[in-house]
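Student: Sequence first, predicted model second:
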Amino acid sequence: MAEAYDTLIIGAGMSGLAAGIRLAYYDQSVAIVEKHKTIGGLNSFYRAGGRDYDVGLHAVTNFTPKGAKKGPLSRLLRQLRFQWEDFALAQQQQSRIAFPGVHLAFSNDIRLLESEIARCFPHQIDAFSNLRSQVLDYDDLDQASFEISTRKVLGQIFSEPMLIEMLLCPLMWYGNARVHDMDWGQFCIMFRSIFLEGFARPLRGVRLILKHLVKKFRSLGGQLLLRHGVEKIVSENGRAVGVILEDGREIQAKRILSSAGWVETQRMLGNQDEVVGDEAGQLTFIETITTLNCQPSQLGLNDTIVFYNDSDRFHWQPPQHELCDLRTGVVCSPNNYLYDDAQQLPEGVVRITSIANFEKWNGLNEADYRREKLLWYDRSSDSAVRFVPEFRHHAIDTDMFTPKTIKRFTWHDNGAVYGAPQKRLDGRTQLENVFVCGTDQGFVGIVGAIISGISIANQYCLK
Amino acid sequence: MAPEEIREVIIEILGDIAPDEDLGTLDDAIAFREQLELDSMDFLDIVMELRKRYRVQIPEDEYVQLASMNSTVSYLTPKMATIAK
């Protein structure tokens, strides 16, 4: 007799763990099967060379202060029965959008960005207020209004093209799966989560959040099965009945919640690669992580995050011919948060992210791959130090991931970080008891992913 | 359970769902939604907590009965009459 669960969840990332907590809390038998040897998915952590690293965390977005009753953060804390203090979020100091000759600073107080726009684009401040109210009014979660072109909307609001590019830059960087343009619904979600709410980070990084999630899931009786990849979702008469694991074991379930990604889930459902492969996301990155022998502030780097772009036009697409496109990038220093009691990370850290081409990186042989990593470490740093102080003479250790690394640990097609361009807001698939949650359901970031897991679990597995 | 006890149960559940809300000033005649920052997810939790704690089943099309304290208590009174607190 195979094991049987009320709900089987595929993937132990933020969304899968959150869904698992909800279902286990309300007495369902739940198992999470995770292909990797550890939890976290796209937002995991690791240890290398005696140092703790976050896989990719720059910032937890959607920050709202303790006691706030509105917003995704307070909603997820309530739904998962956590205290605000559990996530130990410290706010950012200040961040910056850096374009040639124009820098816009912003913080978790929207008034800073407003005053910066008034300073650099004085004729656009009313347009910015207009944008802000349109973003606040947006609450349609139907697919049609979600997919309106953001570039078109912004083109009607603003007369200054460079301001449009500058506003798009951080919001696309932190969550846009589409090339060049952005879904209006996604833009509104990102605008709120970054400009109206804000950036924060626990001193201990993403591991603190993940450890709380996994501890709660287990304490409620949830089963977490690591190193359990799903080979296939088995269905009978339009309903899933369970899964076959890669080791041949079968697990039965009344319903399945997959956070593996839309395309990846389709493949488990037996759809051929050629049918679904085109729907996969293209946007993937390299990221260099440099450990310093001093705090970044001692080098004059006080920004939490700098989103830079070296021309008036922001290009959001993977490079066609090169391994990376260095015209734009993100520099994040996890030291530059306002940690409680003046606590601080023991060492300085600078993370630099650049857009990359999955196929090019994936096609390199081992020797070339190692060489190109070194080469692009230097090139992406060269590009970044046009906008932040030089830091490399203080480097004592470096690490780096490429699209190949992302694919190896997350199994997402193309090493795509923000999933497929087409979001599945209702979470449904062709089978009546199989649902998707996580990045491909339409919410990105840590808070977004957790909310996705909660809402899909509520909607289809609890009611 | 008597109506007053049901009211206490609901207050207890609301306290768990929304720990930052001040429930002392709740007006039983006015919709929860107008006094507290409750969204549809929170309403689902009232239903789920009643199921978890007292095995009370509430069909989805009857969730609207839980709009205010008064409507909730009168809706639950027959359902919870034989349940001990």
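Tutor: Yep, that arrived.
Student: so where is chain A shaky, pLDDT-wise?
Tutor: Flagging of chain A using pLDDT under 70 yields the residue ranges A:1-2, A:140-141, A:273-278.
Student: Show me which residues of it sit near chain B.
Tutor: Residues of chain A lying close to chain B by CB under 8 Å from any CB of the partner chain are A:26-27, A:67, A:69-70, A:74-75, A:78-79, A:81, A:454-455, A:458, A:462-463. All C-beta spots, glycine's among them, are computed from the backbone N, C-alpha and C.
Student: try it again with 10 Å
Tutor: Proximity of chain A to chain B, by CB under 10 Å from any CB of the partner chain, involves residues A:22, A:25-27, A:66-71, A:74-79, A:81, A:83-84, A:451, A:454-455, A:458-459, A:462-463.
Student: Mind checking which of the residues you listed are buried?
Tutor: Buried members of the residues of chain A next to chain B, counted by 16 or more other CB atoms under 10 Å in any protein chain shown: A:22, A:25-26, A:71, A:74-79, A:81, A:84, A:451, A:454-455, A:458-459, A:462.
Student: Show me the strands in the stretch 1-150 of chain A, by range?
Tutor: For the stretch 1-150 of chain A, the strands defined by DSSP state E, counting those that start in this stretch occupy A:3-10, A:30-33, A:45-48, A:51-54, A:89-91, A:95-99, A:102-106.
Student: Can you pull out the residues in contact with the fifth one?
Tutor: Outside strand A:89-91, the residues within contact range by CB atoms under 10 Å, 6 or more residues apart in numbering or on different chains are A:59-60, A:62-66, A:73, A:107-109, A:198-203, A:208-209, A:304, A:337-340, A:343.
Student: Narrow those residues to just the buried residues.
Tutor: Buried among the contacts of strand A:89-91 (16+ other CB under 10 Å): A:59-60, A:62-64, A:73, A:107-108, A:198-203, A:208-209, A:304, A:337, A:339.
Student: just checking, what packs against the host helix or strand of B:Leu44?
Tutor: Per DSSP states H and E, B:Leu44 falls inside helix B:40-54. Where contact means 3 or more CB pairs under 10 Å, 6 or more residues apart in numbering or on different chains; DSSP states H and E, helix B:40-54 is packed against helix A:14-25, helix A:72-79, helix A:445-456, helix B:3-17, helix B:32-35, helix B:69-80.
Student: A:Val234 belongs to a strand?
Tutor: Yes: the assignment for A:Val234 is a strand, going by DSSP: H, G, I helix; E, B strand; the rest coil.
Student: Now do whichever residue of chain B sits closest to chain A, the pLDDT please.
Tutor: Across chain B, no residue is closer to chain A than B:Glu37, which sits at 3.7 Å (CB to the nearest CB). Looking at B:Glu37, its pLDDT is 87.
Student: what sits against the residue nearest to it when sequence neighbours are not counted?
Tutor: Computed as CB to CB, 6 or more residues apart in numbering or on different chains, the closest residue to B:Glu37 that is not its neighbour in sequence is A:Lys69, at 3.7 Å. A:Lys69 sits next to A:Arg75, A:Arg78, B:Ala18, B:Asp20, B:Glu21, B:Leu36, B:Glu37, B:Leu38, B:Asp39 when contact means CB under 10 Å, 6+ apart.
Student: again, but for A:Trp376
Tutor: Going by CB under 10 Å, 6+ apart, A:Trp376 touches A:Ile286, A:Thr288, A:Glu322, A:Leu323, A:Cys324, A:Leu326, A:Ser354, A:Ala356, A:Trp361, A:Ser383, A:Met400, A:Thr402.
Student: Which residues of chain B lie near chain A?
Tutor: Checking chain B against chain A by CB under 10 Å from any CB, the hits are B:16-21, B:36-42, B:44-45, B:47-49, B:51-52, B:59-60, B:63.
Student: Show me how the record splits chain A into domains.
Tutor: Split into domains by automatic domain parsing, chain A comes to A:3-56+A:205-279+A:420-462, A:111-190, A:282-410.
Student: Give me whichever of those domains is most buried.
Tutor: Of all the domains of chain A, domain A:3-56+A:205-279+A:420-462 has the most neighbours on average by mean count of other CB atoms under 10 Å in any protein chain shown, namely a mean of 21.
Student: Can you give me the first-to-last residue distance of it?
Tutor: Criterion CA to CA, to the nearest Å; first-to-last residue distance in domain A:3-56+A:205-279+A:420-462 is 21 Å.
Student: What of stretch B:25-33?
Tutor: With CA to CA as the measure, the ends of stretch B:25-33 fall 14 Å from one another.
Student: likewise stretch A:426-437?
Tutor: Length of stretch A:426-437, first residue to last, CA to CA: 9 Å.
Student: And that stretch, how far out from the chain middle?
Tutor: How far stretch A:426-437 lies from its chain's middle: 22 Å, per CA atoms, centre = their mean, to the nearest Å.
Student: again, but for stretch B:65-73
Tutor: Distance, stretch centre to chain centre, for stretch B:65-73: 7 Å (CA atoms, centre = their mean).
Student: now that stretch: mean pLDDT?
Tutor: Mean pLDDT, computed over stretch B:65-73, is 96.
Student: Please identify the buried residues of it?
Tutor: Of the residues in stretch B:65-73, those buried (16+ other CB under 10 Å) are B:Leu66, B:Ala67, B:Ser68, B:Met69, B:Ser71, B:Thr72, B:Val73.
Student: Closest one of the residues you listed to A:Asp126?
Tutor: B:Ala67 (40.2 Å; CB to CB).
Student: Could you pull up the contacting residues of that closest one?
Tutor: Neighbouring residues of B:Ala67 by CB under 10 Å, 6+ apart: B:Ile30, B:Ala31, B:Phe32, B:Arg33, B:Glu34, B:Phe43, B:Tyr75.
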